[in-house]
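Q: what shape does this take:
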Amino acid sequence: MELNLAMILFIPWFSILAVLFWMFPRQPRGGARKAFDIASLLLATGVATAGMQWSVHNAEPGYGHMWQQILATMMAYGGFLMVMTIAVMLRWAWLQQAAAVPRQE
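A: Next comes the predicted model:
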């Protein structure tokens, strides 16, 4: 459990961010958008987990055991936010481009 403590502590905050990412903007919401959102959330969770695992195993032990958890928390949070920020920017650009293209019916 100690190895995953940073992720356990961040589950509520990551869940709030994930719900906000999923819910907004409300439209358009098609299959491609849902697939992009799911992939983004899975990638963000994977990067956060990998960063946390890496930092626990590579933190300098000379600074005490608590440093492992501090570094793991920073890496997990930073990795999650990095992926989510990139996903928000990509999705925004994608939706803007789709809105600019005239629809042919």
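Q: which parts of stretch 37-46 are buried?
A: Asp37, Ser40, Leu41, Leu43, Ala44, Thr45 (16 or more other C-beta atoms under 10 Å). The C-beta positions use only the backbone N, C-alpha and C, and glycine is treated the same way.
Q: which SSE is the last one in?
A: Element membership of Thr45 [criterion: DSSP states H and E] is helix 31-58.
Q: still on that earlier bit, let's have the buried residues of stretch 37-46 in CSV, adding distance to Phe80 and pLDDT.
A: Listed next are those as CSV, based on distance: C-beta to C-beta, whole Å; pLDDT from 0 to 100:
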residue, distance to Phe80, pLDDT
Asp37, 15, 96
Ser40, 11, 98
Leu41, 10, 97
Leu43, 10, 98
Ala44, 5, 97
Thr45, 7, 94
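Q: okay, helices next: where are they in the protein?
A: 5-23, 31-58, 65-100 (DSSP state H).
Q: may I see the buried residues of the shortest one?
A: Along helix 5-23, the positions that meet the burial threshold by neighbour count (16+ other C-beta under 10 Å) are Leu5, Ala6, Met7, Phe10, Phe14, Leu17, Ala18, Phe21.
Q: of the residues you listed, which is the nearest to Glu60?
A: Ala6 (16.7 Å; C-beta to C-beta).
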